[in-house]
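Enquirer: Have a look at this fold, sequence not included:
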């Protein structure tokens with residue numbers, strides 16, 4: 001469910017051309033980031049997922065993996081600092097000009113879910 005919500009937030013940002021979250025989106029991302037910084041990183045997404053989100057285009061698969069790695073790095077370097085992670089997540093969403101971002105969003109959502117289990 002978290003993944004679907006954060007993808008909807010990404011789509012709304014893209015559609016509106018906004019450069020920041022509204023108060024509802026910011027509250028959700030802050031709450032998710034608070035859990036994500038307490039969570040553990042999930043493994044990289046399977047190659048099949050990368051191929052699907054990239055529509056089996058080799059250049060897009062590379063970009064999907066780059067975006068996933070960027071989000072995994074953001075989660076790692078933000079351990080304990082939810083505001084920093086929320087800011088880095090917004091930067092990640094602003095990469096919408098370089099899709100596909102789904103694997104990075106999945107990493108954020110997974111870390112939040114894992115943090116909720118702690």
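Expert: That came through, no problem. Small disclaimer: the values here were computed from a predicted structure and weren't measured.
Enquirer: where does the chain have low pLDDT?
Expert: Applying pLDDT under 70 to the chain flags the ranges 14, 17-19, 95-98, 117-118.
Enquirer: so who does the residue nearest to the spatial centre of the chain touch?
Expert: What sits nearest the mean C-alpha location of the chain, by CA atoms, centre = their mean, is residue 105, with 2.5 Å. By CB atoms under 8 Å, 6 or more residues apart in numbering, the contact set of residue 105 is 3, 6-7, 10, 71, 92-93. Using the backbone N, CA and C atoms, a C-beta is placed for each residue, glycine as well.
Enquirer: what about it, distance to residue 32?
Expert: Here residue 105 is placed at a distance of 11 Å from residue 32 (CB to CB, to the nearest Å).
Enquirer: hey, what's in contact with both of these two?
Expert: Shared contacts of residue 105 and residue 32, defined by CB under 8 Å, 6+ apart, comprise residue 6.
Enquirer: Highest neighbour count among the contacts of residue 105?
Expert: Using other CB atoms under 10 Å as the neighbour test, the contacts of residue 105 are led by residue 71, with 29 neighbours.
Enquirer: so which strand or helix has it?
Expert: Taking DSSP states H and E as the definition, one finds residue 71 inside helix 58-77.
Enquirer: do the same with residue 33
Expert: According to DSSP H and E, residue 33 maps onto helix 23-36.
Enquirer: got the buried residues for that helix?
Expert: By neighbour count on 16 or more other CB atoms under 10 Å, the buried set for helix 23-36 is 25, 28-29, 32-36.
Enquirer: same thing with stretch 69-87?
Expert: Across stretch 69-87, burial judged by 16+ other CB under 10 Å covers 70-72, 74-75, 78, 82, 85-86.
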